[in-house]
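Novice: Can you look at this prediction? I've put the sequence above it.
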Amino acid sequence: MRIIYVLYFFFLLIFTLFSYLFIDPNLIYLKNIYTGFAFSNRLTVSLIYFFAVLIFFCFYLFFVNRFQKKIFSKKDFIILLTITIIGLIFSYPAIVSYDIFNYIATAKVAFFYHENPYIIMPIQFIGDPLLLFTHAANKIALYAPFWIFLTSIPFFAGFGSFVLTLFSFKILNVVFYLLIILFLYKISKNIYNVAIFAFNPLVIVETIVSNHNDIVMMCFALFAMTLIQKKKYLIASLFLILSIFIKYSTIFLVPVFIYMIYNKIKQKKLNMEKIYLFSAISMGIIFALSPLREEMYSWYAIWFLTFTCLLRSKFILIITSMLSLGLLFRYMPYMYLATYSSPTPLLKIVFTIVPIAIGLFYYWYRFKKT
């Protein structure tokens, strides 16, 4: 067993070191470790990333299989979770997504310059060093007010140091990652279901590495769902509203919550399997519609993965796992071509669809053929 722990930890450390190849040349705070390797050796880093993701998923499938067969225990889960966090907490968060810099820039507008981030853009503060590497400095705040409020915690915890602020934001995400894992376990009472979510490479990369705030939004929504089961409707409603006021997407869960509260008041027994399925479908719909607004970003999958891990369906597990793989592969076209223009959009679709097709074939061959 120890060899698995060692190999997994070693892999995560290698991935962390790999992440620092992508340091922005304008990131003056880390200029001493800037190499430019990722930008001058795009084929090499794309291949390294490809195999790293594959290895990540091999570990994931191995872990899930062991938890399903009850070969791994709660102790193993805690050890693996600890290894995951320690191995990646110091990774560079902007391999291909720069959202964390936008979080910091918006927080600085609100809490340093004391301006309204929904009116004032970061780019208006000429000379601010964050403008050198913030990719959406010409936009007002992209997220809802409660998220802006939450960013005050890591912003002030940084004490004016960019590097300390950067990793304070990462710690905030890790806290909510641990909380959502706790809620999932309280709901399912099954470490296998929790492992399906907790060790999914997409969840790990987008939460601990890239630091997207979707984990925070879904944590509040899931907690609200647990409160409804305890008949704490007012507090549950409050937490759902807080979730919506992080990123708005969980407004699609409102019908599910109304249905749950109505049935609870009528003292009807809730079929939680159906509730989780309806929740996954609701968040899956908004995920599927996201290209109408901008693009299907991989971290959006956390919206429905929060609920699919609670379902007892091999088909859903296989398809969501392969979709997670495909979504992480979506980074590769830009990583190699350094452009969002053609053929990058087409290649992103191909990289997403092919793993899903493989998953469908495997499911048919493994479970339906006989």
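Specialist: Good, I have the coordinates.

Novice: Show the average pLDDT along stretch 119-136.
Specialist: Mean pLDDT, computed over stretch 119-136, is 94.

Novice: let me redo that: stretch 274-287
Specialist: For stretch 274-287, the per-residue pLDDT averages 96.

Novice: Show me which parts of that stretch are buried, residue by residue.
Specialist: By 16 or more other C-beta atoms under 10 Å, the buried positions in stretch 274-287 come out as 275-280, 282-284, 286-287. Any C-beta I mention is one placed from the backbone N, CA and C, and that applies to glycine too.

Novice: Name the nearest of these relative to residue 194.
Specialist: Nearest to residue 194 out of those is residue 276 (C-beta to C-beta; 13.4 Å).

Novice: is it true that that closest one touches residue 307?
Specialist: Yes - in this structure, residue 276 is within contact of residue 307 by C-beta atoms under 8 Å, at 4.6 Å.

Novice: ok, and for the host helix or strand of residue 87, which residues are buried?
Specialist: Residue 87 is located in helix 74-88, with elements delineated by DSSP states H and E. By 16+ other C-beta under 10 Å, the buried positions in helix 74-88 come out as 76-77, 79-81, 83-85, 87-88.

Novice: Format the buried residues of stretch 274-287 as CSV; extra columns: distance to residue 45 and secondary structure.
Specialist: Compiled in CSV, the buried residues of stretch 274-287 are given as follows (distance: C-beta to C-beta, whole Å; DSSP: H, G, I helix; E, B strand; the rest coil):
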residue, distance to residue 45, secondary structure
275, 43, helix
276, 38, helix
277, 39, helix
278, 41, helix
279, 37, helix
280, 34, helix
282, 37, helix
283, 32, helix
284, 32, helix
286, 32, helix
287, 28, helix
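
Novice: mind listing the strands for the chain?
Specialist: Counting by DSSP state E, the chain has no strands to list.

Novice: so who does the closest residue to residue 103 other than its chain neighbours touch?
Specialist: Residue nearest to residue 103 in three dimensions, not counting chain neighbours: residue 151, with 5.6 Å by C-beta to C-beta, 6 or more residues apart in numbering. Applying C-beta atoms under 8 Å, 6 or more residues apart in numbering to residue 151 gives the contacts 103-104, 106-107, 110-111, 169.

Novice: Got phi/psi on residue 151?
Specialist: phi -70, psi -10 (degrees, to the nearest 10).

Novice: From residue 241, how far out is it?
Specialist: Going from residue 151 to residue 241 by C-beta to C-beta, to the nearest Å gives 18 Å.

Novice: repeat for residue 194
Specialist: Residue 194 is 26 Å from residue 241, by C-beta to C-beta.

Novice: okay, the two: which has more neighbours?
Specialist: A direct count of neighbours by other C-beta atoms under 10 Å for residue 194 and residue 241 places residue 194 higher, at 25 against 15.

Novice: Can you check the pLDDT for that one?
Specialist: For residue 194, the predicted pLDDT is 98.

Novice: now do the one 3 residues further on
Specialist: Model confidence at residue 197, given as pLDDT, is 98.

Novice: And for residue 340?
Specialist: In this model, residue 340 carries a pLDDT of 89.

Novice: Name the nearest residue to it, sequence neighbours excluded.
Specialist: Closest to residue 340 by C-beta to C-beta, 6+ apart is residue 334, at 6.4 Å.

Novice: for that neighbour, what are its contacts?
Specialist: 96, 340, 344.

Novice: swap in residue 14?
Specialist: Here residue 14 is in contact with residue 52 (C-beta under 8 Å, 6+ apart).

Novice: do that again at 10 Å, thanks
Specialist: Residues near residue 14 by C-beta atoms under 10 Å, 6 or more residues apart in numbering: 48, 52, 55, 87.

Novice: out of the residues you listed, which are inside helices?
Specialist: Among the contacts of residue 14, the ones falling in helices (DSSP state H) are 48, 52, 55, 87.

Novice: can I get these in CSV with distance to residue 210 and pLDDT?
Specialist: What follows is those, written out as CSV (distance: C-beta to C-beta, whole Å; pLDDT from 0 to 100):
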residue, distance to residue 210, pLDDT
48, 17, 97
52, 14, 98
55, 18, 98
87, 15, 98
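
Novice: of those, closest to residue 266?
Specialist: Looking across the ones in helices among the contacts of residue 14 and measuring by C-beta to C-beta, the closest to residue 266 is residue 87, at 48.0 Å.

Novice: which non-adjacent residue is nearest the closest one?
Specialist: Nearest non-adjacent residue to residue 87 (C-beta to C-beta, 6+ apart): residue 12, at 2.8 Å.

Novice: quick one: that neighbour and residue 199 touch, right?
Specialist: No - between residue 12 and residue 199 there is no contact under C-beta atoms under 10 Å: 11.5 Å.

Novice: So for stretch 290-299, mean pLDDT?
Specialist: On average, stretch 290-299 scores 88.

Novice: Quick check: residue 320 vs residue 178, distance?
Specialist: Residue 320 is 22 Å from residue 178, by C-beta to C-beta.

Novice: try residue 323
Specialist: Taken as C-beta to C-beta, the span from residue 323 to residue 178 is 24 Å.

Novice: for the residue lying closest to residue 172 once chain neighbours are set aside, what are its contacts?
Specialist: In space, and not counting its chain neighbours, residue 172 is closest to residue 154: 4.9 Å by C-beta to C-beta, 6+ apart. Going by C-beta under 10 Å, 6+ apart, residue 154 touches 100, 103-104, 107, 164-173, 211.
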